[in-house]
Every structure is written in structure tokens, then in C-alpha cells.
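Student: Please find the sequence and the predicted model below.
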Amino acid sequence: MSVDEIIEKIDALNVLELVELKDKLQEKYGVSAAAPMVMAAGAGPAAAAAEEEEQDSFTVAIESEGSAKIQVIKAVRELTSLGLKEAKELVESAPGAVVAEEVSKEDADRIQKALEEAGATVKVS
């Protein structure tokens, strides 16, 4: 069975079956599905500040297309490999329309600048 076939099988499971699968995997391999947040929770605000400083990948999202929707669509097409229809759908799905994920700080700033010059309101996180 290939990995793709396994993924297809997992996609077909309902929520109860997924929980059962998770429990059996935890039991068999002695692992936990819980996120490792114990250290961050104990450190408080200092850990959060350090985590922000260490962030090296960013997500750029359109919060508002503004009044120049066509210019924003053109900017999205220039910044991505999307066609006209896909770029239009992305812009119209704002707020929260993700233009780029896992990009460097420099790329995020460049994308933000281009979109804001086109008239969009942009959020970098």
C-alpha cells in the first residue's frame, strides 16, 4: 500500500474513527499527539517575546481589497503564479486571503509593499 493510498483511507474516516486511530497509534508507538507547549507556558511573556524575535517565516494575507480591486488583482498575479480567475477569487475571499505562506521577512515586506501600493490592506503574521 502506498502513502497516497493510506492518506486516502485516512481522509475517508469519520471523527470517531480518527480518534480511535490516534489512540491506537499513541498506544502502539508510545507517542503523544499533544503539542509541546509545556515549556512555553511556564516561561510566560518572555518566551512569547523571544519566539516573536526568532520567527523566520511569515504569512502574508489580504485583509481588505480596498477601492482598487483590479489593481490588487493585478498585483496578486504579479506576485504569484495564479491566473486571472484564481487571483480574482483570492482577492475576493478577503479578509484572510493568504497570498504567501512560509516566506522570509524580506519577501513578506516586498509582497506587503506591492499589495499596499495597489490599495489593499495587508496583514503579515
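Tutor: Looks like it arrived, so ask away.

Student: helix, strand or coil for residue 94?
Tutor: Three-state assignment for residue 94 (DSSP: H, G, I helix; E, B strand; the rest coil): coil.

Student: OK, contacts around it?
Tutor: Going by CB atoms under 8 Å, 6 or more residues apart in numbering, residue 94 touches 61-65, 120. Glycine gets a C-beta too; all of them are placed from N, C-alpha and C.

Student: cool, residue 21 as well?
Tutor: Neighbours of residue 21 in contact, by CB under 8 Å, 6+ apart: 10, 13.

Student: do the same with residue 111
Tutor: Contacts of residue 111 by CB under 8 Å, 6+ apart are 60, 79, 99-100, 103, 122.

Student: Now for the residues you listed, which sits with the most neighbours around it?
Tutor: residue 99 (26 neighbours; other CB atoms under 10 Å).

Student: What's the mean pLDDT across the helix or strand harbouring residue 4?
Tutor: Assigned by DSSP states H and E, residue 4 belongs to helix 3-11. The pLDDT scores in helix 3-11 average 86.

Student: repeat for stretch 16-26
Tutor: pLDDT averaged over stretch 16-26 gives 80.

Student: so how far is it off the chain centroid?
Tutor: The chain centroid and the centroid of stretch 16-26 are separated by 26 Å, computed with CA atoms, centre = their mean, to the nearest Å.

Student: This completes my enquiry, with thanks.
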